[in-house]
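Participant: Sharing a model that was predicted from the sequence below.
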Amino acid sequence: MAGFRLIGWGLLCTFVWLLVIVLTTAIVTEMDGGEATSETGLLIFVIGQGLAGLLGWLVLPILIMRRRGQSGVVVWRRPKTSDLSSAVGGVLAIYAVLFAYSGIVIALGAESLEPQSTIDDDRLFVHTSVMVALGILVVLCAPIYEEAFARGFVLGGLKPYWGMIPAFLISSAVFSALHADLGSLIPFAIAGVILGVVYLRTGSLTAASMAHFGFNVIGFSATLVQQLG
């Protein structure tokens, strides 16, 4: 029963995340007449995405876990050498999975199932201010709140009640779904497992967030070069 209650709390967190995004999108739509095109509108759009994640996937999960007496599952610590090595190993493993998956998809002639960047939008790379805000969101914010929710809240929260495997499967599915791309479902689910292993092995979110940070830095840099090149 406690596990199902946690799922209910997770749905509430997701609802808050979605509500902030819907409200932000409505404001931008009203400003720009249907689609975010102005610099101000795009800035509001990006900041709204960040605010939605910080509220729904960081602040609320921390408060909920404190209320449940499980605050230790959503916690970071001062980085150690072991955290760095675990993070580097995690990044390498995730990219190995992505390259292998992309190779299989291409070999099968199913290029439509290749993973796509969720930030590969020409509009986001027109204005310097929007690019900076996007970089902060992707590189600094996402590795914190996505790990807090998928690894700390879901994996760490469900593990005592439902066991290791169900907690891993659900947290990985959640992490994959957060990226809302058909081609990313399988590789990002495996990436979720890798980050989960890093999280449980080190006992805090520090190494998992560092691995997520490294992954996003490489991905954002590649997208930036592609867009500006």
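Facilitator: Sure thing, it's come through.

Participant: The most centrally placed residue in the chain: what's it in contact with?
Facilitator: The chain has residue 146 as the residue nearest its centroid, 4.0 Å off, counting by Cα atoms, centre = their mean. By Cβ atoms under 8 Å, 6 or more residues apart in numbering, the contact set of residue 146 is 53, 57, 175, 178, 212. Where you see a C-beta, it was placed from the backbone N, CA and C, and this is true even at glycine.

Participant: Against residue 39, how distant is the residue lying farthest from the centre of the chain?
Facilitator: For the chain, the largest distance from the centre (Cα atoms, centre = their mean) belongs to residue 33, which lies 29.6 Å off. Applying Cβ to Cβ, to the nearest Å, the value for residue 33 to residue 39 is 15 Å.

Participant: before we move on, what about residue 134?
Facilitator: Applying Cβ to Cβ, the value for residue 134 to residue 39 is 12 Å.

Participant: just residue 222 next, same as before
Facilitator: Residue 222 is 24 Å from residue 39, where distance means Cβ to Cβ.

Participant: now residue 132
Facilitator: With Cβ to Cβ as the criterion, residue 132 and residue 39 are 12 Å apart.

Participant: could you pull out the helices for the protein?
Facilitator: 2-32, 39-54, 60-67, 81-107, 128-135, 142-147, 157-162, 164-177, 185-202, 206-228 (DSSP state H).

Participant: What degree of burial does residue 213 show, as a neighbour count?
Facilitator: Residue 213: 19 surrounding residues under other Cβ atoms under 10 Å.

Participant: Report pLDDT for the nearest residue to residue 184 once chain neighbours are set aside.
Facilitator: Distances taken as Cβ to Cβ, 6 or more residues apart in numbering place residue 115 nearest to residue 184, at 4.4 Å, with adjacent residues excluded. If you check residue 115, the pLDDT there is 81.

Participant: for residue 135, same thing?
Facilitator: Listed pLDDT for residue 135 reads 96.

Participant: In contact with it, which residues?
Facilitator: By Cβ under 8 Å, 6+ apart, the contact list for residue 135 reads 220, 224.

Participant: Could you pull out the buried residues of stretch 130-139?
Facilitator: For stretch 130-139, a neighbour-count test (16 or more other Cβ atoms under 10 Å) marks 130-131, 133-135, 137-139 as buried.

Participant: Please apply the same query to stretch 100-113.
Facilitator: Buried residues in stretch 100-113, counted by 16+ other Cβ under 10 Å: 101-102, 105, 113.

Participant: Likewise for stretch 159-171?
Facilitator: By neighbour count on 16+ other Cβ under 10 Å, the buried set for stretch 159-171 is 159, 162, 167-171.

Participant: tell me which of the residues you listed is nearest to residue 189?
Facilitator: Of all the buried residues of stretch 159-171, residue 189 sits closest to residue 169, with 8.6 Å by Cβ to Cβ.

Participant: Need the pLDDT of that closest one.
Facilitator: According to the prediction, residue 169 has pLDDT 93.

Participant: Begin at 55 from now on, thanks
Facilitator: Sure, I'll start counting at 55 from here, so that last one is residue 223.

Participant: quick one: it and residue 216, what's the gap?
Facilitator: Separation of residue 223 from residue 216 (Cβ to Cβ): 9 Å.

Participant: same thing with residue 197?
Facilitator: From residue 197 to residue 216 the distance is 26 Å (Cβ to Cβ).
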